[in-house]
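Enquirer: Got a predicted structure here, sequence first:
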Amino acid sequence: MIKSLSTISFVLLLTLGGCGDGNNPLPEETERPLTPGPVGDDPGDFEGRIIAEQPIQDATLWLDINSNYQWDSDEPRATSDPDGRYIFSSAAVAAFGSPRQYPLVAHALPGVSSIAGNPVERGFFLTAPPGSTAVTPLTTLIMAESAVLARDGTASTYGDAHDRLRVRTALSEPDLTINFQQDYIALPEGANVQSLAMAYLQALQNLLAVNFSVTSGLLTELDRQMVLASQAALLKSSKTIMEAVYPLASPSDEGADADQEDPERTTVNLTGSDPVLQLQVELDNPEVLFQVLRYTSANSSSVQVEDQLRNTTFLYPIPTSERIQPEQSSPVLGTPLAPSAFLSNTQLNSITEYHYQTDASLEELRLDGGTDLLFKPVSSSQVVTDTRFDPFSTELLRADGDWDLISRISLSEEQVPILELEEPDNGELTEINQLLTKSAVVIAFDDDLLLGTSSVSQSFGSISGSLLLAQRYQFEQFQGAQRLIQFDLETGYDRLMEFSCYSGAQLTAIYVVDSTPAVSPCISPPPEFYMVGRYYGLENGLAARCYQYPALSSGIYCEIPVADQLGRVDYTVIEKRITSGLPEEFTYSGPDQSEVIGITDYTYRPLSDAMYLDLDTEE
């Protein structure tokens, strides 16, 4: 885990509105590898119980031979009796060897299954790791932890996943002997574990906000993506659920020892309507942007110029004979070149990772190397974090594998959005990121949107004192929505103003100037400017952007996106085109005496894999 060295928090002011221990006494069956396989047990009858707060009757259970969370016709299955018991006879599983080598999946069926004589109204699933005989909400969490380990490529056992769950659900020092695979209703000491299991089950049922139908003893609409998304959401919400189930017995007295390791807690039985259990998740588990890698030639470099946002930059071509043709970036007309075709003799300048909340909203960004953290407006009353790379104002730092800056978004106890910055590696930062980490940040919405870092404390909704960095945004109404028309980036020593120009609904050009123009460049282009860019539609539905820096370099730079089979940006190629014309004086039509100087590679993951689920423990 990354250990935080410094933390800076700032409030958004909206004025408009592993810890596994090989010596632990773990149950034998938790030591199975994450990849099911033969373990040498003799085939025989295999039985256990399906449990919620009480046994579940008439639930459907099967051995998930191929670990896809779906019942396949060749997989043995059973139905639970009034005591929640199921049994797989030796004859039923003889063809598969020991049933202990496979995960279990159960469906509780609305209108069919019952708990303590009460019909199940909202269907749900439960899972359990290989070898477990009890199938409960807590064994479901062990399976969720194992999915995290498998996602990260860690060589692990289900025992490791069990240990991770012990740590994740601990409110103080974790008890690495507690058994979350136990039949807790059969044990006198199982009451607390039973309360925890019920809270997770109620949260799971709230997540699965689907009117399930039943076909052939199965939840018809439940698919693998629902299982993965809801399991990840349960892990993501573990701390909140734990603190609700086991609250402090009484409020801490003023002056009480804040570092008390084992505060006295009581147990609370929550109901399904409790707000803390009203979780939301995108059940279709959509793929979201997870990682962006930026490359330039191994020989390229830049020097930060004192008291200027722009740099002295040396961009050399990447040795390659490959070129992007318009049709190559189309998922219909051709197969895109793999980014690896361009990556010989390059340097990795930056890595950006995007991590998400359960509802697919962005939770945090992690930056390594040369990319600028900016606060991107969605409208004149909402702003999100994002990154930005300008080859002549973003320093060409190298990514070293350690996070240099982490930006998180959370809510305070007063439900005020808070941005938190960490510098885990205490590494080299770009100029803009240095300014962001130096002091407090205030974001205010007024006639304009203003973000700034200031060296003095701020009053609500206003900026005073010495600004180190300011980002200002202006919007206009168009077809009932707001769109950005101006973005200013200002420090105490420099200023860049970016104007966005439209033709109807289409963004067609941008102008960047370093002094306030008499009229918008979109109306009357200025005689001098820092940068001018034009957008050109491609056959893949994306747009190429070509731009020029008259005072800084010769030639025109074109950033050409290549689409994947889903029409998303797979990667972009930055080409330097040897021409004397301005972007508005030529039409983009593919390579023309061009040199490849940069590559940006985009990676997408399912939402369940893009939630930050690592254990926040200190090294």
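Expert: Yep, it's here. A quick note: this is a predicted structure, and the numbers were derived from the prediction, not measured. Numbering: from 1, shown residues only.
Enquirer: count of neighbours near residue 371?
Expert: Neighbours of residue 371 under the rule other CB atoms under 10 Å: 28. C-beta here means a position set from N, CA and C on the backbone, and glycine is covered the same way.
Enquirer: Look up phi and psi at the residue lying closest to it once chain neighbours are set aside.
Expert: Distances taken as CB to CB, 6 or more residues apart in numbering put residue 350 closest to residue 371, at 4.0 Å, once the chain neighbours are dropped. Main-chain dihedrals, residue 350, degrees, to the nearest 10: phi -160, psi 150.
Enquirer: I'd like the distance between the closest residue in space to residue 271 that isn't next to it in sequence and residue 58.
Expert: Excluding the flanking residues, the one nearest residue 271 by CB to CB, 6+ apart is residue 202, at 7.2 Å. Counting by CB to CB, to the nearest Å, the gap between residue 202 and residue 58 amounts to 20 Å.
Enquirer: Look at these two and report which has more neighbours.
Expert: Each of residue 202 and residue 58 has its neighbours counted (other CB under 10 Å); residue 202 has more, 26 against 18.
Enquirer: Would you mark the buried spots in the helix or strand hosting that one?
Expert: In the assignment (DSSP states H and E), residue 202 maps to helix 191-207. Of all the residues in helix 191-207, those buried under the rule 16 or more other CB atoms under 10 Å are 193-207.
Enquirer: of all these, which comes closest to residue 214?
Expert: Within the buried residues of helix 191-207, proximity to residue 214 (CB to CB) peaks at residue 205, which comes in at 15.9 Å.
Enquirer: ok now do the closest residue to that closest one other than its chain neighbours, which residues does it touch?
Expert: Once flanking residues are discounted, residue 205 sits nearest to residue 122: 4.8 Å by CB to CB, 6+ apart. Residues counted as contacts of residue 122 (CB atoms under 8 Å, 6 or more residues apart in numbering) are 110, 205, 208, 212.
Enquirer: which residues of the stretch 351-500 of the chain fall in strands?
Expert: 362-369, 372-379, 382-388, 405-411, 417-422, 440-445, 449-454, 467-478, 481-491, 495-503 (DSSP state E, counting those that start in this stretch).
Enquirer: and those as a markdown table, adding mean pLDDT?
Expert: What follows is those, written out as a markdown table (pLDDT from 0 to 100):
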| stretch | mean pLDDT |
| --- | --- |
| strand 362-369 | 92 |
| strand 372-379 | 76 |
| strand 382-388 | 79 |
| strand 405-411 | 78 |
| strand 417-422 | 73 |
| strand 440-445 | 62 |
| strand 449-454 | 59 |
| strand 467-478 | 81 |
| strand 481-491 | 85 |
| strand 495-503 | 92 |
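Enquirer: With mean neighbour count added, can I get those strands in TSV?
Expert: Output for the strands of the stretch 351-500 of the chain, formatted as TSV (neighbours: other CB atoms under 10 Å):
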stretch	mean neighbour count
strand 362-369	22
strand 372-379	18
strand 382-388	17
strand 405-411	18
strand 417-422	18
strand 440-445	21
strand 449-454	21
strand 467-478	17
strand 481-491	17
strand 495-503	18
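Enquirer: Make a markdown table out of these and add distance to residue 170.
Expert: Output for the strands of the stretch 351-500 of the chain, formatted as a markdown table (distance: least, CB to CB, whole Å):
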| stretch | distance to residue 170 |
| --- | --- |
| strand 362-369 | 22 |
| strand 372-379 | 33 |
| strand 382-388 | 30 |
| strand 405-411 | 21 |
| strand 417-422 | 23 |
| strand 440-445 | 33 |
| strand 449-454 | 37 |
| strand 467-478 | 40 |
| strand 481-491 | 44 |
| strand 495-503 | 48 |
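Enquirer: Of all these, which one comes closest to residue 559?
Expert: strand 382-388 (12.6 Å).
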